[in-house]
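In: Pasting the sequence and the predicted coordinates here, then a few questions.
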Amino acid sequence: MNSIIGNALGLSALGIYLHAISIALVIAGSIIALLFEILSIIRKDDGYHDLAYIMMKFSIIAFAFGAVSGTIVEFGLVQVWSGFLMILGTYGLFPFYIELLAFMIEAGLIALLVYGWKRFKNRWIHVALISAIAFGSNLSGALIMLVNSWMNVPWGTGELIRLIYPWAPVYGPDYTNEALLLKIKELLILEGRPLTEILSGEVMNRLVSEYGPLLENPWAAFESFYGWVSVGHQLVATIITGGSWYALLMAIRYLRGEDRLLRPLQDLLLFLAVLMVVQGVIGHDMGVQVIKYQPTKFAMIAGLEESGPDPIVGLTTFGDPNYIFPGFDYFIEVTKNSSSHLNSTVDFKEIALNDLYKALEYLPLVFSLYTLKISLAVLAGLVGLVFMYTWLRPSLWFRRRRLMFYLVVFFSAAVTTVSSLGWAVRELGRKPWTIYGLFYPEELISLVELNPVTIAIVIGGLLLSLGMMVITIYLVIWRRSRWI
Amino acid sequence: MEEIEMDIEFFIWITAIPLLVHLAFVHINLGTSVSSFIAKYLYRDDRLAKKLARVAVAGEFVSGTLGTVLTVILAGIWTPLMNVAANILYIPLLIALVGIVFRLPSIGGYWYTLDRGGVINLIFGILMIIGGFLIPFGFRYIFAFINYPVGLESLDPLRGNIFGALMNPLFPPLYILTLGSVLMVGFTVSVPIARSEGYNKSVDNRFVFYGLTATLLFVIGNIWFIYGLSNYSGFIFLNLLSASNPAFYTFLLMWILIITLMEIMVLELRGAVKVNNKMYLAIPIMAMLSMEFSYDYSRFPYFVVTGESGIEATFFLNISISAGLPEIGGVFLAIMSMAVISMVGVYLLIVRRYFEE
């Protein structure tokens, strides 16, 4: 069973990473196109206008292939983790439902922009259309991430999780039917069933009839402050990462002698460097939220097997470098000393302890990944400072094209690695749960065992769409002799 | 929960509307992509092939976005049904996924390389058609399943035989019916497109002939499917023949439309009349929609039919959430409004080349 769960988790992770490539190109592409189009108006320079068109073309090609990889990931999610349908039908329903609207805005306006690019003479119409598309793509990404954030911090479950795990905080208002959810958990634990087994049957209908609906407020995920901070953090990371790839492509062409690209490239690098600063601020808020709502994850990323200080976080968060953060020893002690308030045949105390020991196993890995992530982020930030300084002195690069190219390569590689590590920490940090404090992966898995055919189809499909995206970009955009 | 149970029809309609629009565009895009391939490789007519491919791409764009809408509606509103499908129909869904994987990139590739032709274009074209027809091959199993749930052993706990589900006797006629329907719509829609290129009569008459052949396949598929329903899904069969059920009238309409279509195509091939372009657009699409509506509506109040009886739609409704109709309806209206804007935009910009540079 463990290997099946492991394979399913690995497949989902790989699927998301591969899909994220096109997502980063779409989201960053529309934002950068907007930046260049605005600059074309401010500086009255058609070169920026042409470049904005190229960026939109990138974004549109990535959107088309992203739709393919998104479908594969979506099917993978439903087919491999069919128990997740309960979350999709409750806490995730309105975010996904409104995401459709964002997707429609994006899809509907993209054709209009491309085919009308030369027809609309007024540049502000371009700005308005690109803004709407950028809004659509960012909103679409934001709402999907909002559901993922809910999986990290199940907002609207009130004190429910605390009833099982005494160290856990209160997760917002009590919109969840505690009695029903606990009954479902009892069924899953006592009978060792995955959720999917009971989702379509009389048992579920009888439980809902007896206890009432699971969720009272369908907007619960939208009310989570953690959720929105997390969305901001992810979106900025996506724009920086995707933007760095565009910068890399521009740097390659600049290196090959397209001198007119230098100024726009420097503008883009400045924009990315500013975003790095913004990300620092949001990242701090993200950290505060993690401390507050994901205590075990924070203990993992800070390496706190034992409670103790984390001088930097203590100073920046509480103004005290000696502030003692709770570690796993504290969580275990609190759990051992707690008396259960739950009227249940299930020994939730033992389960809570076991979960802590399982989470503890992830500590070395999460701690290492997080440390590497922060180190690389600092280095990328320093390179960002160089980009800021040289924006004021563009002539510095005239005889240092290769140096500039290497710096962009490093920056791009660093921020891509940071984003990838960040996602890994996000996903591994909430283990052993898939829904923090509520459901384990084995409770959400499908009845059909994951098999090599499914793995081959999902991975093969994703690689095919990714490969075709690269080929299309090469044929449609890259082969042009000059971009501006 | 009470609200949701009371308004089951509302949820059925917000599923049915995007489904019918989605299916209409699926028929157009699958059918015209076959026509385009024929124009390119049988008649060596690049200009017509490109024009037909453009319609196919536009149709793919719209049907793809509406397909996404449907997936979320099915997963979010008909959650228990989706849960059954995800597990019991695991293999058909995987087949549909393979189809999507091949279809979407290859239709773009086919369109893009159409001017240059060569082996790459041919490969894209073949993948486009195979991928395209694999998608309904997978999804039509869901329709066959809800008419006759082969493979489902128990709902509580959910148990089934994923290989047994492939043996559904209603699937082969339904798939043949779908092939006939897709090709009928595709070929007949291609007639006015071929005419707009200003060809002589022999060129667009080829598509009339193909359309007639596909309509015959559609008729055969229908008869076979109805025979299958009479054996395995008596409830649907009786409803189709019952004048008290609205499906009876749409079923009748479908046959009237089909007979009319076949008649005008025969007359046109004999040179007796010149059929108006709008007839070739409207009649097959209306016949297809009547067919879909009849076979789906005749299932209600059940969602999964088990012979003479069935499992009611309310059983498969997501009752785990308290969401008011105004909220769900409001967002749905906004989504469909954007879908309409998207469809009009795509039609103007790609099909009519309104903004062509």
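Out: Received it, and whenever you're ready, just let me know what you need. Residues are numbered from 1 along each chain as shown, chains lettered A, B, ... in the order given.
In: Find me whatever residue is spatially closest to the closest residue to chain B within chain A, sequence neighbours aside.
Out: Chain A approaches chain B most closely through A:G201 (3.0 Å), counting by C-beta to the nearest C-beta. For the C-beta atoms, the positions are set from N, CA and C on the backbone; glycine is no exception. Distances taken as C-beta to C-beta, 6 or more residues apart in numbering or on different chains put B:D156 closest to A:G201, at 3.0 Å, once the chain neighbours are dropped.
In: dump the residue contacts of that neighbour.
Out: Contact analysis of B:D156 by C-beta atoms under 8 Å, 6 or more residues apart in numbering or on different chains lists A:I198, A:S200, A:G201, A:E202, A:V203.
In: now do A:L25
Out: A:F58, A:S59, A:A62, A:G66, A:G242, A:W245.
In: And the last one, how far from B:P149?
Out: Using C-beta to C-beta, to the nearest Å, one gets 48 Å for the distance from A:W245 to B:P149.
In: so which helix or strand takes in residue 189?
Out: No chain in the question, so chain A it is. If you go by DSSP states H and E, A:I189 is part of helix A:178-191.
In: let's do chain B instead
Out: With DSSP H and E as the test, B:V189 turns up in helix B:171-196.
In: Next, count neighbours for the closest residue to B:R103 other than its chain neighbours.
Out: The shortest distance from B:R103 to any non-neighbouring residue, by C-beta to C-beta, 6+ apart, is to B:G131 (3.4 Å). As a burial measure, B:G131 scores 21 neighbours (other C-beta atoms under 10 Å in any protein chain shown).
In: Could you pull up the residues touching B:G131?
Out: B:G131 touches B:V98, B:G99, B:I100, B:V101, B:F102, B:R103, B:L104, B:S106, counting by C-beta under 8 Å, 6+ apart.
In: Could you tell me how many residues sit around the fourth one?
Out: What that stands for is B:V101. Neighbours around B:V101, by other C-beta under 10 Å: 26.
In: Next: the first one.
Out: In terms of burial, B:V98 registers 22 neighbours under the definition other C-beta under 10 Å.
In: What strand or helix carries it?
Out: Counting by DSSP H and E, B:V98 is found in helix B:90-112.
In: Go through the next helix or strand after that helix and flag the buried ones.
Out: Using DSSP H and E, the next helix or strand after helix B:90-112 towards the C-terminus is helix B:118-147. Neighbour counts over helix B:118-147 (16 or more other C-beta atoms under 10 Å in any protein chain shown) mark B:121, B:124-125, B:127-129, B:131-147 as buried.
In: roughly how far is helix B:118-147 from the heart of the chain?
Out: With C-alpha atoms, centre = their mean, to the nearest Å as the basis, helix B:118-147 stands 12 Å off its chain's centre.
In: average model confidence for it?
Out: In this model, helix B:118-147 has a mean pLDDT of 94.
In: Next, find the distance separating the residue in the stretch 101-250 of chain B positioned nearest to chain A from A:I21.
Out: For the stretch 101-250 of chain B, the residue closest to chain A is B:D156, as judged by C-beta to the nearest C-beta, at 3.0 Å. In this view, B:D156 and A:I21 are 42 Å apart by C-beta to C-beta.
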